[in-house]
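Visitor: coords please:
(one chain, ligands or ions: 1)
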Amino acid sequence: MQPSGKLRLGINIDHVATLRNARGSAWPDPLRAALLAEAAGADGITAHLREDRRHIRDADMAALKAGIGIPLNFECAATDEMQAIILTIRPHAVCLVPERREERTTEGGLDVAGDEARLAAFIAPLRDAGCRVSMFIGHDARQIEASARIGAAVVELHTGHYSDLHAEGRMAEAEAELAALRKAAAFAASLGLEVHAGHGLTYDNVAPIAAMPQVMELNIGHFLIGEAVFIGLGPAIEDMRLRMDQARGL
Ligand code: PXP
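Guide: This is a model prediction of the structure:
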């Protein structure tokens, strides 16, 4: 199967808020970053409202929803508090992620299979409100099957482990991880799930993920916000887009 069509690029702007919060000031403003990303051709904005509000805050989510002209992907843990906020803000999409306070970033995928009944009940009102619900999972077939069973529209495959192996130069293991991700993408698509991918993606490691034909969207944050310090957010996004298109044969 050849890569089919253009990939969507969602820009995660969490770490603009990290920088702002480091000084307790009002800048840099995540909404301004989102608008710049939109102008540079981003297809969506992703933001993660964590339980501890370490970067994005409630007011940021409201400002993003009101201010941007592209879809907002609201990332969060499946808690009652987050469900209530989602139903107020009504983002285009919701991506459910596991969350532990002590982690530096989202370290593993969600255990959908182990929490199936609760997650099915959790997402039902979100689907009724018109949100496209995504499960952030590893490449385990059980998690993919459970995501389909509970009625998720999308699975986002966690590329963090692949990215770490690639960065450490452990290429044989990175290849094995890629093979598992490819198999998972094909399996998820065969069940009717839309496939997204993200976490840890950079200029150097994005191509094999972008080339997976079932993958429709990548969500990328930390690397691009870092790169923006050197070359600006717009050029960083344009560069990433070019690499994605090249990997796709476009
Ligand atoms: N997708 C999901 C579900 C995430 O949790 C994150 C990190 O917040 C990303 C994508 C983006 O990862 P990164 O910031 O490493 O590009």
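Visitor: three-state assignment of the residue positioned nearest the centre of the chain?
Guide: The geometric centre of the chain, computed from its C-alpha atoms, lies nearest to residue 219 (Cα atoms, centre = their mean), at 4.0 Å. With DSSP: H, G, I helix; E, B strand; the rest coil as the basis, residue 219 sits in strand.
Visitor: quick check, pLDDT for it.
Guide: Confidence at residue 219, expressed as pLDDT, is 98.
Visitor: also residue 107?
Guide: Per-residue pLDDT puts residue 107 at 69.
Visitor: and this structure, which residues reach the ligand?
Guide: Where the chain comes near the ligand, counting by Cβ under 6 Å from any ligand atom, the residues are 12, 14, 48, 75, 95, 97, 105-106, 136, 156, 198-201, 219-223. All C-beta atoms are positioned from the backbone trio N, CA, C, and that covers glycine.
Visitor: if any of those residues are buried, give me the PyMOL selection for them.
Guide: Selecting the buried subset of the residues of the chain next to the ligand in PyMOL, with 16 or more other Cβ atoms under 10 Å as the burial test, is done by:
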select buried, resi 12+14+48+75+95+97+106+136+156+198+199+200+201+219+220+221+222+223
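Visitor: sitting in helices, which of the residues of the chain next to the ligand do you find?
Guide: Using DSSP state H, 14, 222, 223 are the members of those that sit in helices.
Visitor: dump those to JSON lines, plus pLDDT and distance to residue 161.
Guide: As requested, these are exported to JSON lines (pLDDT from 0 to 100; distance: Cβ to Cβ, whole Å):
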{"residue": "14", "pLDDT": "98", "distance to residue 161": "20"}
{"residue": "222", "pLDDT": "98", "distance to residue 161": "15"}
{"residue": "223", "pLDDT": "98", "distance to residue 161": "16"}
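Visitor: among those, which one lies nearest to the ligand?
Guide: Sorting these by how near they are to the ligand, with Cβ to the nearest ligand atom, puts residue 222 at the top with 3.4 Å.
Visitor: just give the nearest non-adjacent residue to the closest one, would you?
Guide: Among residues not flanking residue 222 along the chain, residue 15 sits closest, at 5.6 Å (Cβ to Cβ, 6 or more residues apart in numbering).
Visitor: was I right to think the one you found contacts residue 224?
Guide: No - counting by Cβ atoms under 8 Å, no contact exists between residue 15 and residue 224, whose distance comes to 9.1 Å.
Visitor: quick one: which of those two has more around it?
Guide: In this comparison of residue 15 against residue 224, neighbours counted by other Cβ atoms under 10 Å, the higher total goes to residue 224 at 25 against 21.
Visitor: quick one: contacts for the more buried one?
Guide: Contact partners of residue 224, counting by Cβ atoms under 8 Å, 6 or more residues apart in numbering, are 11, 233, 236, 237, 240.
Visitor: thanks a lot, catch you later.
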